[in-house]
Structures are given as structure tokens and as C-alpha cells.
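> Sharing a model that was predicted from the sequence below.
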Amino acid sequence: MTEDIDFEIDPENLPKRLERKPLGPPSVVVDDLHITYRVFGARRGGTTRQRTSLWDKAISLGRPDTGPITEAPAVRGVSFVAHHGESIGILGTNGSGKSTLLRAVAGLLPATSGRVFTSAEPELMGVNAALLPRLTGERNIMIGGLALGLNAKQVRESVPKVAEFAELGDFLYLPMSSYSSGMASRLRFAISTIRTPEILMIDEALATGDASFRKKSTARIEEIREKAGTVFFVSHSLASVRAMCTRALWIEKGELVADGDVDDVADAYNAFVEGRTNASSGAKLR
């Protein structure tokens, strides 16, 4: 057992195996993408650069010394082409760069170098969307809908549907600060699935709520997947990736290790994780 693979999703909660269909034109092109984070004051790991230029010295005047700047590469030279009609799983251990890659393709992180081309504006669907705790569930639904590009009329019409899906009941009119963590997660998921984009990016959305709601959210994802042109799916659940995807990308330490048929890549990734876990267990026994 390892935290890098989720074994807890029951088979009955998984969607039916995705049927392969003819692929359309390219929807996403990622060309030699690099994403590097700059950490101020860190002293371990990465590549450290001291501020020595006149410009750096000028802008640092009057500021406290933060120490050296450490560069931490998160994505290293990743390239691939996605087509309309594809559902692509992204696999990798914790900290491998999966979510960073997804956010870069969605346009939420700038590329350090390399390029990303998309045929439409991607939409990142995840359960970590920011909600405002002082506002009611109703107001958060309206703000979330507007942020997703819906007009005022569409947002008003969506409120009852979102509230029903999230099982809010009378809590719809109470501040988010009064919600349980499960209720807040359900609402985040419901808001993020209001509309169906041409390029959909799902980040660990199946981890939402209890078993009953996970089953309902899985059905909703399957419905969205059928309508979306291209789907990217990040998950630690190999069973979910196998069921929902036809292709998989395996990212490890920011590099693209494998790109191909979902079963082939999932098998290779599973063997890698099991081998690493066994090696770690053997070391502890000694």
C-alpha cells in the first residue's frame, strides 16, 4: 500500500469503461514546456542564484534580505499533442508535477520556457476552488458561475440545480463558515461542473465527499466527459484512470516518462510504485 495509488474507490463507483472513438484535430499542443518555481530564502536543493545585477540590487533597496533565490524545476521539457475525442490520464507520484502541468496547460501558470497551444480556453475542474466563507452558499454559487463565464440569467437559473446536487438544503442561505468540510467539498464540486468546456481538466475530483456522493460525482464527470472535446484527468486511482481514459501520460520528477495506451502506461507506473514501496520496506526491515 502506498499514498501514491488510491485503492479505496469501489468498483461499483467507477464509470463504465470509456469507448474509444475516432480522434479529431489537435486541441492541445505542449512544446518543450518548462515550469520553474523561484523560492526566496531557501538554502537546500535546486540551483541557487545570488542577486548580483544592478537592477536586482536597485529593486532590493529598502527591503529585508531574503537570502538566496533557489530555483525548483517542477516541469522539465514536457511535449505532447492531444486531440479532440481523447481522454488522457496524468499519472505520477506525489510532487511529480502533475497538477503543475495541468495548471500550466489551463493557463493558470506561466511557462518558464516552451509553449502551450490550445484550440479553446481550457477549464480546470477541481475540488480546491476558493470559496468565500463569510458569504452564503447561494452567493458563492453566483460568484462561481460568473467566474466560469455564465451571464447573470444563467447563474440565477443554475442556483437551484447546484444546491440540489450539493445536497445543501437550508444551508444554501447560511454562510460557508457554518458548513462541514464535506458539505463545502460538495459545493465546490457542484459549482465547478456548472458548464461543460471544450477542453476539460479534472484534478482529483473523484475524492469528493462520501461514497454516495462520489458515485454521483463520478456519474456527473462521465456526463461532462461525453460532451467535452478533450479531457485531462489527474488521479491517484489507477482504476479510475483506466476506466475514464484511453491514453495516459506518466510524469515523474517533472519529466515525461511514458505516453501511450492507458493500460500500458498504468501497468508500468504501478510496477514502478510497487517496486519503490518494496525497496523502502526492505530498507526499514534492515
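Done, it's in.
> Tell me which stretches of this structure form helices.
With DSSP state H as the criterion, the chain has helices at 54-59, 98-105, 137-147, 152-165, 181-192, 211-227, 238-244, 262-285.
> Point to the residue nearest the middle of this structure.
Taking Cα atoms, centre = their mean, the centroid of the chain lies closest to residue 203, which sits 2.7 Å from it.
> bridging residues for that one?
Taking DSSP bridges, one obtains residue 126, residue 234 as the residues bridged to residue 203.
> Kindly provide the distance from it to residue 115.
Distance of residue 203 to residue 115, given as Cβ to Cβ, to the nearest Å: 22 Å. C-beta coordinates here come from the backbone N, C-alpha and C atoms, glycine included.
> Low-confidence ranges, the protein, go.
Under the criterion pLDDT under 70, the flagged ranges of the chain are 1-16, 18, 40-68, 126-130, 205-209, 277-286.
> So what's the residue count around residue 270?
14 (other Cβ atoms under 10 Å).
> actually residue 273, not the one I wrote
19.
> any idea how far residue 234 is from it?
Going from residue 273 to residue 234 by Cβ to Cβ gives 16 Å.
> Then residue 118?
The value you get for residue 118 to residue 234, if Cβ to Cβ is used, is 17 Å.
> neighbour-wise, which of the two wins?
Between residue 118 and residue 234, residue 234 has the larger neighbour count (other Cβ under 10 Å), namely 23 against 18.
> Relative to residue 92, how far out is that one?
8 Å.
> Overlap in contacts, these two.
residue 98 (Cβ atoms under 8 Å, 6 or more residues apart in numbering).
> Break down the stretch 1-150 of the chain into its strands, ranges please.
26-40, 47-49, 69-83, 87-91, 113-118, 123-126 (DSSP state E, counting those that start in this stretch).
> neighbours around residue 257, how many?
16.
> again, but for residue 262
22.
> now do residue 165
19.
> Verify the stated contact: it with residue 192.
No: in this structure residue 165 lies outside contact range of residue 192 using Cβ atoms under 8 Å: 11.2 Å.
> circling back to that earlier point, do I have it right that the residue nearest to the centre of the chain meets residue 105?
No: using Cβ under 8 Å, residue 203 is not in contact with residue 105, being 11.3 Å away.
> Contacts for stretch 133-141 next, please.
Surrounding stretch 133-141, the residues in contact under the criterion Cβ under 8 Å, 6+ apart are 131-132, 143, 155, 158-159, 162-163, 166, 168, 171-177, 179, 187, 190-191.
> Could you turn the buried ones of these into a ChimeraX selection?
In ChimeraX syntax, the buried subset of the contacts of stretch 133-141 is picked out as below (16 or more other Cβ atoms under 10 Å):
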select :131,143,155,158,159,162,163,166,168,171,172,176,179,187,190,191
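> give the contact list for residue 225.
18, 87, 200, 231, 244.
> Same question for residue 265.
By Cβ under 8 Å, 6+ apart, residue 265 lies in contact with 89, 91, 247-250, 258-259.
> number of nearby residues for the closest residue to it other than its chain neighbours?
Counting by Cβ to Cβ, 6 or more residues apart in numbering, residue 248 is the residue found nearest to residue 265 once chain neighbours are left out, at 3.8 Å. Residues contacting residue 248 under the criterion other Cβ under 10 Å number 26.
> Next one: residue 248 from residue 92, what distance?
From residue 248 to residue 92 the distance is 10 Å (Cβ to Cβ).
> before we move on, what about residue 78?
Distance from residue 78 to residue 92, by Cβ to Cβ: 11 Å.
> cool, and residue 116?
18 Å.
> Residue 23 too?
Residue 23 sits 24 Å away from residue 92 when distances are taken as Cβ to Cβ.
> I am finished for the moment; much appreciated.
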